[in-house]
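*Asks:* What would the 3D arrangement of this be:
(one chain, ligands or ions: 1)
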Amino acid sequence: MRTKIIFSDKCLEYGTRWHTEGLERVEIAAKILKERGYEFLKPEPASEKNILSVHEAHYIEEIKRGQIGDLDTPAYENIYEYAGLAAGGAILAAKTKGFSLMRPPGHHAGRSGPALGVQTKGFCYLNNIAIAVKYLGKLTLILDIDGHHGNGTEEIFSGNANVIYLSLHRYPYYPGTGFESKGNCFNFPLEAECGEEVYLKTLENALRKIDLGKIEVVAVSAGFDGHRGDLASLGLTEKSFWEIGKQIAKLQKPTFFVLEGGYIGENVGKDIDGLLKGLKIA
Ligand SMILES: [Zn+2]
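*Replies:* Numbers count the residues shown, from 1 in each chain. Okay, the predicted model is just below:
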């Protein structure tokens, strides 16, 4: 069965044209995926109970009141509603083994905002994938293929026996974390523009090294800013994401995907299609 895309036009309603995390990146990606025949599902907002499973109550109040601005992550009007809907998209992806194409992204958001001593929240308000993983409550591998380290996700799940966090990312680079592995968090820093061969080999070795025997679900923090020319370029292409999909398929676990970064809409759409096709072919 083809993976369904979780999406609502509502996530195009906030933001400004000048911001890197703009609406075109998902608007164009959604158009490409519709043209390629994907079925779309509409999410409901995550409940406050679901959000509280990850974030501190005072932080949730701050988002509601708009006391959250940093230069990267502005206090847009009604941003709590948009962030809650993106978190709901992640939950629906978890329920349906789908792909949430919602914005804003989430993996830099920690329990109460900036995570692991990082100054900004990197376009993230609520940690969508963490909320979905907590919702499922299963033994989960979070595979973070965004070009940046998911410092928020690592902070939230560090020491959690139910979750393995595995991230490949550009380093040294924003957010500056993820240089080494610790406990249940496995980090693989990569040089800028390292290219597909190095990336795929690193991923293959990482997945082989980690004991996935008890893992019930794979949750993919699906970021595409490692694509050549994007914000955290690792020199990857559409074909690279197809190969990544094939490696994920070999794990033979129920899998869902949550959009993180990726700022060139046309690439995001094509990369998602490649990733999901790879998943079905292996
Ligand atoms: Zn990123």
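*Asks:* Please enumerate the strands of this structure.
*Replies:* Secondary structure of the chain by DSSP state E: the strands cover 5-6, 40-41, 99-100, 109-110, 113-114, 140-144, 163-170, 185-190, 217-222, 255-259.
*Asks:* Mind checking the pLDDT average for the second one?
*Replies:* For strand 40-41, mean pLDDT rounds to 98.
*Asks:* what lines up beside that strand in the sheet?
*Replies:* strand 5-6 (parallel) (DSSP bridges).
*Asks:* Distance to the ion and mean neighbour count for the strands of the chain - can I get that in CSV?
*Replies:* Where C-beta positions appear, they are placed from N, C-alpha and C, glycine not excepted. Output for the strands of the chain, formatted as CSV (distance: least, CB to the ion, whole Å; neighbours: other CB atoms under 10 Å):
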stretch, distance to the ion, mean neighbour count
strand 5-6, 20, 26
strand 40-41, 24, 16
strand 99-100, 16, 29
strand 109-110, 13, 30
strand 113-114, 15, 22
strand 140-144, 9, 26
strand 163-170, 8, 25
strand 185-190, 13, 21
strand 217-222, 9, 26
strand 255-259, 10, 29
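*Asks:* Tell me who's in contact with the closest residue to the ion within the stretch 1-150 of the chain.
*Replies:* Closest approach of the stretch 1-150 of the chain to the ion (CB to the ion) occurs at residue 148, with a separation of 3.5 Å. With contact taken as CB atoms under 8 Å, 6 or more residues apart in numbering, residue 148 is in contact with 107-108, 122, 169-170, 173-175, 223, 225, 231-232, 260-261.
*Asks:* if you skip the residues just before and after it, what's nearest to residue 255?
*Replies:* Once its chain neighbours are removed from consideration, residue 255 has its nearest residue in residue 218; the separation is 4.3 Å (CB to CB, 6 or more residues apart in numbering).
*Asks:* my guess is that neighbour meets residue 141, correct?
*Replies:* Yes. Assessed by CB atoms under 8 Å, residue 218 is found in contact with residue 141 at 4.9 Å.
*Asks:* Which residues are in contact with each of the two?
*Replies:* By CB under 8 Å, 6+ apart, residue 218 and residue 141 have these common neighbours: 251, 253.
*Asks:* Spell out which residues of this protein are next to the ion.
*Replies:* Proximity of the chain to the ion is confined to 146-148, 223, 225, 261 under the rule CB under 5 Å from the ion.
*Asks:* rerun at 8 Å
*Replies:* 105, 107, 122, 146-148, 169, 223, 225-226, 231-232, 260-262 (CB under 8 Å from the ion).
*Asks:* if we take those, which one ends up nearest to residue 242?
*Replies:* residue 226 (14.0 Å; CB to CB).
*Asks:* Could you pull up the contacting residues of the closest residue in space to the closest one that isn't next to it in sequence?
*Replies:* Setting aside the residues directly before and after it, residue 226 is nearest to residue 147 in space (CB to CB, 6+ apart), at 3.5 Å. Under the criterion of CB under 8 Å, 6+ apart, the contact list for residue 147 reads 169-170, 173, 223, 225-227, 230-234, 261.
*Asks:* Could you list the low-confidence segments of this structure?
*Replies:* Within the chain, the stretches falling below the threshold (pLDDT under 70) are 281-282.
*Asks:* Show me where it has its helices.
*Replies:* With DSSP state H as the criterion, the chain has helices at 24-35, 48-52, 57-65, 79-96, 128-136, 151-157, 196-209, 238-250, 265-281.
*Asks:* Going by neighbour count, list what's buried in the last one.
*Replies:* Put plainly, it is helix 265-281. Judged by neighbour count using 16 or more other CB atoms under 10 Å, the buried positions of helix 265-281 are 265, 267-279.
*Asks:* Need the residues you listed in a markdown table (columns: distance to residue 50).
*Replies:* What follows is those, written out as a markdown table (distance: CB to CB, whole Å):
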| residue | distance to residue 50 |
| --- | --- |
| 265 | 29 |
| 267 | 31 |
| 268 | 26 |
| 269 | 28 |
| 270 | 32 |
| 271 | 28 |
| 272 | 25 |
| 273 | 29 |
| 274 | 31 |
| 275 | 26 |
| 276 | 25 |
| 277 | 31 |
| 278 | 30 |
| 279 | 26 |
